[in-house]
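Student: here is my input, please return the structure:
(2 chains)
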Amino acid sequence: MQDVIDSHVYPMVLASVLALLSLGLMVKGFRDGKEKAEDWIPSRKEIRQIFFLFLALIAYIFVFQKLGYLSSTVFFMVLILKLMDRKRSGLRILALSLLVSGVCYLLFVLLFKIQVPAGILI
Amino acid sequence: MGVLQNLWNGFDIAISPINFFYCLLGTVIGNLIGVLPGIGPVTAMALLIPFTFGRDPITSIIMLAGIYYGAMYGGAITSVLLNVPGESSSVPTAIEGYPMARQGRAGPAIGMSAIASFVAGTVGVILMMLLSPPLAELALKFGPPEYFSLMILGMCTVTALSGKSIIKGWISAVIGLMVATVGIDVLTSVNRFNFGRPELFDGIDFLVVIMGVFAIAEVMLNIEEPEGGIFQTKIGSLLPTRQDWSVSTLPLVRGTIIGFLAGVLPGGGATVGSFLAYGVEKRVSRHPERFGHGAIEGIASCEAANNSAAVGAMIPLFTLGIPGTAAAAVLFGAFVMLGLQPGPFLFRDHPQFVWAVIASMYIGNVLLLAMNMPLISFFVKLLKVPYKDLMAIILTLAFIGTFSINGNVFDLWLMLIIAGFGYLLRKLDFSPAPLILGMVLGQNMEMAFRRSLIISSGSPSVFFTRPISATLLVLAALWLIFLVTGLKKRPVEDA
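Tutor: This is a model prediction of the structure:
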């Protein structure tokens, strides 16, 4: 009976359950017929903003490894704040970014001693 | 006498300077976050778990629990002043509190919610104290089949009550269970689903998933949200008048009891509690026409219910090891990260731990009341922080928080992928709560499942022939049937 409790059984049970549930959802969707694909599609502007948000996060991961935590966080915050509100004054954005990054650096790196990649800057 | 002695020991630990400090910190942060619109308690707890690394487990849990009930507390303020409930469980407070604010009675509305929260939270803690030991005792008799069935029952209720569709809730839960199978299988040491990445040998960390599905996906969902203006009003005296009291005392008591019961039942949670309590008040009131136009008794019942439910939800977590809500699931995950397994064994083997957390909840409730009365004008100022700034801060915290778990960049990529996936799920109305629950319970569930089958040499009948197990499964089935046939309208999700 050893094969019954082997490590592949449980994931297969889960997969079968998921398949059944998905089937049920499809049947229900067709029967109701009320929902349209258009209801689920976000606006063009939202898609663009989310796309840029992802790009900014990807850039953050790369810059984080190259430059170091503090400088990359300032870079990311400026990027994201500018992205979300183009009209805002650059000085305020920079001030907020420096403040938040500084506090995070102080807490996580200096106080909690989390090992961050050693970059060109800090 | 045992309970009192234990509680006394608990207070002894909870009142120590370091624990007291973290209790204060947790409740303050939770309160702030409850006030800030757009960050739920789950996101708050996830973002702050990294801050508890390296501290004593008791201290960490005290702080996280503080964030949880502190957020419940703070949610009332935005409901009254902005008509924006910080949590779905504060919706009735907004329905009654916002009209009161427009009539210039914001003060008593906030004051009543603070007092109701305090009273209910305190009563909840006392009930918890009395109920938990016998429940843990009972759970100690459970074998693997009973545990498996209990988890099924817990999942049934959670998936059914969060979100609009039961099928979608279950799909979300099964996805969570599947995420939990990644990594080395504990029983046979076989590697599963790691695509050859050594980073995945230990499985996917639950914090990475929560950061993705809650923190980052939440920012993505709110990216287009228009900013609401704060309602400008004098807050005035916070104390409710004698007239207010005479209509609110009974609703407060009823709200406390209803909320507590809803919290104890897995999947009930604070939202169900507060809507139920509010509904009851509306029905028994001699002046139902007052409701919706600033009835302070509605606030009293709703706030009492959601706070006692928040406490009640800790009971299944501590005694059975089954979290009933997404927030309790995060606490569960935090326990496991700290090397503790919540459940009857925790109660038996580390009673001082459980009682210290319970005692800290009591202290936290007193702190919250003391804090909220004088600090109200400060909280009102906080409401003016632009959400866009908050988004940037949430993203940075999620980033460093995820990195700090294992110190590798792989987790960051994983978090991004999960965030994208989580966004799609939530956009398509799949509730994230069952997913988190499935994820934290996944490993226990699989072990219970496989151990049961070992006992029965492979026959699944073991789940139906053992009396307790069978009873639990029947309850689960009845609950599902009841929901499918009876309840058409369900409250919004309790994230």
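Student: burial of residue 113, as a residue count?
Tutor: Just going to use chain A. Number of residues near residue A:113 (other C-beta atoms under 10 Å in any protein chain shown) recorded here: 8. Every residue, glycine included, has its C-beta placed from N, CA and C.
Student: actually it's chain B I care about, not the one you picked
Tutor: If we define neighbours as other C-beta under 10 Å, then residue B:113 has 31 of them.
Student: ok, now which ones touch it?
Tutor: Residues in contact with residue B:113 (C-beta atoms under 8 Å, 6 or more residues apart in numbering or on different chains) are B:76-77, B:79-80, B:93, B:97, B:299-300, B:303.
Student: chain A: which of the residues you listed is nearest?
Tutor: residue B:77 (23.9 Å; C-beta to the nearest C-beta).
Student: ok now do the closest one, which residues does it touch?
Tutor: B:34-35, B:86, B:110, B:113, B:376, B:379-380, B:383.
Student: hmm, who's touching the lowest-mean-pLDDT helix or strand in chain A?
Tutor: Counting by mean pLDDT, DSSP states H and E, chain A has its least confident helix or strand at helix A:37-40, which shows a mean of 72. By C-beta under 8 Å, 6+ apart, the surrounding residues in contact with helix A:37-40 are B:427-428.
Student: so where do the helices sit in the stretch 51-200 of chain B?
Tutor: B:57-82, B:91-102, B:106-139, B:144-161, B:166-179 (DSSP state H, counting those that start in this stretch).
Student: return the most buried member of those helices.
Tutor: Of all these, helix B:57-82 has the most neighbours on average by mean count of other C-beta atoms under 10 Å in any protein chain shown, namely a mean of 28.
Student: next one, pLDDT for residue B:269 please.
Tutor: Here the pLDDT value assigned to residue B:269 is 69.
Student: err, residue B:164, not the other one
Tutor: For residue B:164, the model assigns a pLDDT of 70.
Student: may I have stretch B:115-133 exported as CSV, CA atoms only?
Tutor: Only the C-alpha atoms of stretch B:115-133 are listed here, as CSV (Å, rounded to 0.1, in the frame of the first residue of the first chain):
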residue,chain,number,x,y,z
ILE,B,115,-15.9,52.7,23.9
ALA,B,116,-17.9,49.9,22.2
SER,B,117,-14.7,48.5,20.8
PHE,B,118,-13.0,48.6,24.2
VAL,B,119,-15.9,46.9,26.0
ALA,B,120,-16.3,44.2,23.4
GLY,B,121,-12.6,43.6,23.1
THR,B,122,-12.3,43.1,26.8
VAL,B,123,-15.4,40.9,27.1
GLY,B,124,-14.0,38.9,24.1
VAL,B,125,-10.7,38.3,25.9
ILE,B,126,-12.5,37.1,29.0
LEU,B,127,-14.7,34.7,27.0
MET,B,128,-11.7,33.5,25.2
MET,B,129,-9.9,32.8,28.5
LEU,B,130,-12.8,30.6,29.6
LEU,B,131,-13.4,28.8,26.3
SER,B,132,-10.0,28.0,25.1
PRO,B,133,-8.7,25.4,27.6
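Student: as CSV, the helices of the stretch 51-200 of chain B with distance to residue B:411 would be great.
Tutor: Output for the helices of the stretch 51-200 of chain B, formatted as CSV (distance: least, C-beta to C-beta, whole Å):
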stretch, distance to residue B:411
helix B:57-82, 20
helix B:91-102, 35
helix B:106-139, 34
helix B:144-161, 27
helix B:166-179, 14
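Student: any idea which of these gets closest to residue A:65?
Tutor: Relative to residue A:65, the nearest member of the helices of the stretch 51-200 of chain B by C-beta to C-beta is helix B:166-179, separated by 26.2 Å.
Student: what packs against the closest one?
Tutor: With contacts taken as 3 or more C-beta pairs under 8 Å, 6 or more residues apart in numbering or on different chains; DSSP states H and E, helix B:166-179 sits against helix A:9-32, helix B:144-161, helix B:432-455, helix B:467-485.
Student: what's the closest of the contacts of residue B:77 to chain A?
Tutor: Nearest to chain A among the contacts of residue B:77, with distances taken as C-beta to the nearest C-beta, is residue B:383, at 17.7 Å.
Student: okay but the closest one is in contact with residue B:83, surely?
Tutor: No. Contact criterion C-beta atoms under 8 Å: residue B:383 and residue B:83 do not qualify, at 11.9 Å.
Student: which neighbours do these two have in common?
Tutor: With C-beta under 8 Å, 6+ apart, residue B:383 and residue B:83 have no common neighbours.
Student: quick revisit: which residue in the contacts of residue B:77 has the weakest pLDDT?
Tutor: residue B:86 (64).
Student: quick one: name the residues of the stretch 1-150 of chain B near chain A.
Tutor: Applying C-beta under 8 Å from any C-beta of the partner chain, we find that the stretch 1-150 of chain B lies next to chain A at B:50-51, B:53-54.
Student: before we move on, the earlier item: and the contacts of residue B:113 as JSON lines, adding distance to residue B:343?
Tutor: Formatted as JSON lines, the contacts of residue B:113 follow (distance: C-beta to C-beta, whole Å):
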{"residue": "B:76", "distance to residue B:343": "32"}
{"residue": "B:77", "distance to residue B:343": "35"}
{"residue": "B:79", "distance to residue B:343": "35"}
{"residue": "B:80", "distance to residue B:343": "39"}
{"residue": "B:93", "distance to residue B:343": "34"}
{"residue": "B:97", "distance to residue B:343": "38"}
{"residue": "B:299", "distance to residue B:343": "36"}
{"residue": "B:300", "distance to residue B:343": "35"}
{"residue": "B:303", "distance to residue B:343": "30"}
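Student: widest-spaced pair of those?
Tutor: B:77 and B:300 (15.6 Å).
Student: coming back round to it: which among the residues of the stretch 1-150 of chain B next to chain A end up buried?
Tutor: B:50-51 (16 or more other C-beta atoms under 10 Å in any protein chain shown).
Student: need the residues of the stretch 1-150 of chain B next to chain A in JSON lines (columns: pLDDT and distance to residue B:72).
Tutor: As requested, the residues of the stretch 1-150 of chain B next to chain A are arranged in JSON lines below (pLDDT from 0 to 100; distance: C-beta to C-beta, whole Å):
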{"residue": "B:50", "pLDDT": "82", "distance to residue B:72": "22"}
{"residue": "B:51", "pLDDT": "79", "distance to residue B:72": "20"}
{"residue": "B:53", "pLDDT": "75", "distance to residue B:72": "25"}
{"residue": "B:54", "pLDDT": "75", "distance to residue B:72": "27"}
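Student: which residues are contacting the host helix or strand of residue B:330?
Tutor: Element membership for residue B:330, per DSSP states H and E: helix B:326-337. Contact partners of helix B:326-337, identified using C-beta under 8 Å, 6+ apart, comprise B:41-42, B:45-46, B:49, B:52, B:57, B:60-61, B:64-65, B:68, B:162, B:206-207, B:210, B:310, B:313-314, B:316-317, B:321, B:323, B:341-342, B:346, B:432-433, B:436-437, B:439-441, B:494-495.
Student: quick one, which of those residues are buried?
Tutor: Buried by 16+ other C-beta under 10 Å: B:41-42, B:45-46, B:49, B:52, B:57, B:60-61, B:64-65, B:68, B:162, B:206-207, B:210, B:310, B:313-314, B:316-317, B:321, B:323, B:342, B:346, B:432-433, B:436-437, B:439-441, B:494-495, out of the contacts of helix B:326-337.
Student: tell me who's in contact with residue 116.
Tutor: Let's take chain A. Residue A:116 neighbours (C-beta under 8 Å, 6+ apart): A:64, A:68-69, A:108-109, B:403.
Student: my question was about chain B, not that one.
Tutor: Applying C-beta under 8 Å, 6+ apart, the residues near residue B:116 are B:248, B:252, B:255, B:299-301, B:303-304, B:307.
Student: can you pull the pLDDT of residue B:492?
Tutor: 44.
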